[in-house]
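Q: My questions concern the predicted model and sequence given below.
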Amino acid sequence: MFSEEEEKTAADWLKEAQKGYMRIAVLILLSKKQHHGYKIMKEIKDRTKGFWRPTAGGIYPILQSLEKAGYIEGEWGFQKKRRRKIYKITKAGRLILERALVKQSQIANNMSTLFEEFARDVLNLKTKSLPMPRIPTPFSIFFEDKNKKHENSPKALEKKRSHIKQMIKMLKSELQTINKRLAELNS
């Protein structure tokens, strides 16, 4: 459906965004608990279900720059009989994280508005009737409590399923309308 060039361009854009977001993800994780570099890499990979796969060559320079800036502190210690540098967030790190998250929230809100405009103006969808899901920020997954059981309760899952079914029904209807218009234009 997309050309190789389009796929590569989109992948490159995503890679650029990930580099910028990685600092914030690290600060979010360290705001909850002290970690060493390998644990941070594993936590990011697990939280993103493998979508982000940070490497040592990517994480350790970030940790060094955050430490140099005074946003985190590292202290050498032993964990499971291995010498590791354990990092924790500083007061300055918490302040910069708060500011970054406010900016990210503004970006997410602006992008949501752009998506709605695109759906309305380009796709001719009625955004008022279209159940637009809350667009998560790239950091939402880092704030989720992995031990939340209520999100997997039958009631919560039924609600999600109902919402998805409603979206599918509306999208199928829109698809039929678009297919009909295309057929008219092509005849």
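A: The structure has been received and is ready for your questions. Worth saying up front: this structure is predicted, and the values here are computed from it rather than measured. Numbering: from 1, shown residues only.

Q: And this structure, what are its domain boundaries?
A: Domain ranges of the chain: 4-90, 97-186, per automatic domain parsing.

Q: most neighbours per residue, which of those?
A: Counting by mean count of other C-beta atoms under 10 Å, domain 4-90 has the highest mean neighbour count of those, with a mean of 15. C-beta here means a position set from N, CA and C on the backbone, and glycine is covered the same way.

Q: can you tell me the distance between the two ends of that domain?
A: 44 Å (C-alpha to C-alpha, to the nearest Å).

Q: pLDDT below threshold where in this structure?
A: Low-confidence segments of the chain (pLDDT under 70): 1, 126-152, 163, 166-167, 170.

Q: Going along the chain, name the strands of it.
A: Taking DSSP state E as the test, the strands found in the chain are 35-36, 72-79, 82-89.

Q: Could you save those strands as TSV and add columns showing distance to Lys8?
A: Shown next, in TSV, are the strands of the chain (distance: least, C-beta to C-beta, whole Å):
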stretch	distance to Lys8
strand 35-36	33
strand 72-79	34
strand 82-89	34
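
Q: Which one of those strands lies nearest to Leu114?
A: strand 82-89 (32.2 Å; C-beta to C-beta).

Q: Next, the angle strand 72-79 makes with that closest one.
A: Counting by axes from the mean of the first three to the mean of the last three C-alpha atoms, to 10 degrees, strand 82-89 points 150 degrees away from the direction of strand 72-79.

Q: Parallel or antiparallel, list what pairs with strand 82-89.
A: The pairing partners recorded for strand 82-89 under DSSP bridges are strand 35-36 (antiparallel), strand 72-79 (antiparallel).
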